[in-house]
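Chemist: Here is my input; please provide its structure:
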Amino acid sequence: YPTISDNKRTFFYFSKNDFKQLKKAEKLLKKNSVVYVHVWNLDTIEHKYGLHSKEAFEHIKKLDNKIKKIITSGNEKIRIIIFSDHGGYNVKKTKNILPIIKNYSEKYFIGSTDAKIWLKEPSKKDELKKILKKESYLIYDKENIEKELKIPYKRDFVGDIMATVKPGEQLYPDFFRDTDRVASMHGYTKKTPELKGIFIINGFNLKTKKIRNMKLYDIMPTILKAMEIKIPEVCDGKSRIE
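Modeler: Modelled structure (predicted):
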């Protein structure tokens with residue numbers, strides 16, 4: 001954002017311009033030992049223009065050049081960690097789930113890739129599931145959500161039924177956007193290589209290696225291990241470096 005902390009205080013610098021963020025980070029590194037920068041714009045650009053678009057590649061190239069400048073300009077060696085929490089998938093189809101669920105639901109929440117449905121009549125659950133499956137939605141409920149998605153079932157959170165679209169599809173209307181004009185999307189339950197994020201760590205006296213099958217919840221303990229900070233027992237993940 002960046003986040004600045006010296007063990008006595010923590011504060012945030014907010015800006016939705018990636019290069020203002022990096023410029024601020026460059027200054028903060030002169031007085032702070034750890035700086036965290038959240039790159040916002042790339043997500044927006046890929047939603048608007050798509051993955052592998054000219055606009056996305058141009059932005060990534062500019063980011064690379066700016067980060068290279070920061071790393072090589074300092075007098076001291078800078079250690080760097082770069083990671084993302086998701087990838088993306090180009091949108092080819094838009095689906096409207098509202099006409100299907102509105103007569104069955106007491107309430108509902110429609111996201112860009114999933115819809116959570118709380119039923120008026122629980123006895124009609126199987127009937128609705130059958131209709132949704134016929135329309136190629138992926139269905140999750142108390143019976144399979146924990147096994148397939150590793151999400152503990154809580155009705156208040158996921159509803160009686162959670163219906164999701166497949167990669168390359170999106171829901172519209174939803175509760176987030178005022179337009180269906182997006183070129184790529186993320187937040188899918190079905191896995192594809194395009195949806196994977198990245199994790200790169202440099203320095204810390206680490207040997208060169210490729211980390212396979214890293215999970216989001218492994219990021220925190222991996223960073224703590226690299227910084228020689230004790231990993232709390234409450235962490236679900238584990239360090240992926242020695």
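Chemist: gap between the two ends of stretch 172-180?
Modeler: Counting by Cα to Cα, to the nearest Å, you get 6 Å between the two ends of stretch 172-180.
Chemist: Provide the secondary structure category for the residue sitting furthest away from the middle of the chain.
Modeler: The C-alpha centroid of the chain is most remote from residue 123, which lies 35.3 Å away (Cα atoms, centre = their mean). Secondary structure, DSSP: H, G, I helix; E, B strand; the rest coil: residue 123 is helix.
Chemist: now it: how far from residue 240?
Modeler: 47 Å (Cβ to Cβ, to the nearest Å). No exception for glycine: its C-beta is placed from N, CA and C like everyone else's.
Chemist: can you map out the helices along this structure?
Modeler: 18-28, 41-49, 54-73, 98-101, 125-134, 145-149, 155-158, 219-226 (DSSP state H).
Chemist: Skipping adjacent residues, who's closest to residue 192 in space?
Modeler: residue 167 (5.1 Å; Cβ to Cβ, 6 or more residues apart in numbering).
Chemist: Kindly report the same for residue 83.
Modeler: residue 199 (4.5 Å).
Chemist: Contact partners for the nearest residue to residue 69 once chain neighbours are set aside?
Modeler: Spatial nearest neighbour of residue 69, chain neighbours left out: residue 26 (8.0 Å); criterion: Cβ to Cβ, 6+ apart. Residues in contact with residue 26 (Cβ atoms under 8 Å, 6 or more residues apart in numbering) are 69-70, 73.
Chemist: And the average pLDDT for stretch 147-167 is what?
Modeler: Across stretch 147-167, the average pLDDT comes to 95.
Chemist: now stretch 232-242
Modeler: 91.
Chemist: repeat for stretch 211-228
Modeler: 93.
Chemist: With only the CA atoms kept, save it in PDB.
Modeler: Taking Å, rounded to 0.1, in the frame of the first residue of the first chain, the C-alpha atoms of stretch 211-228 are listed here in PDB:
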ATOM      1  CA  ILE A 211       8.500 -24.300  -5.300                       C
ATOM      2  CA  ARG A 212       5.700 -26.600  -6.500                       C
ATOM      3  CA  ASN A 213       2.100 -26.600  -5.400                       C
ATOM      4  CA  MET A 214       2.400 -23.600  -3.100                       C
ATOM      5  CA  LYS A 215      -0.900 -22.500  -1.500                       C
ATOM      6  CA  LEU A 216      -2.000 -19.000  -0.600                       C
ATOM      7  CA  TYR A 217      -1.800 -19.900   3.100                       C
ATOM      8  CA  ASP A 218       1.800 -20.900   2.700                       C
ATOM      9  CA  ILE A 219       2.900 -17.300   1.800                       C
ATOM     10  CA  MET A 220       2.900 -15.900   5.300                       C
ATOM     11  CA  PRO A 221       4.900 -18.700   7.000                       C
ATOM     12  CA  THR A 222       7.300 -18.700   4.100                       C
ATOM     13  CA  ILE A 223       8.000 -15.000   4.400                       C
ATOM     14  CA  LEU A 224       8.400 -15.300   8.200                       C
ATOM     15  CA  LYS A 225      10.800 -18.200   7.800                       C
ATOM     16  CA  ALA A 226      12.900 -16.200   5.300                       C
ATOM     17  CA  MET A 227      13.000 -13.200   7.800                       C
ATOM     18  CA  GLU A 228      13.900 -15.600  10.700                       C
END
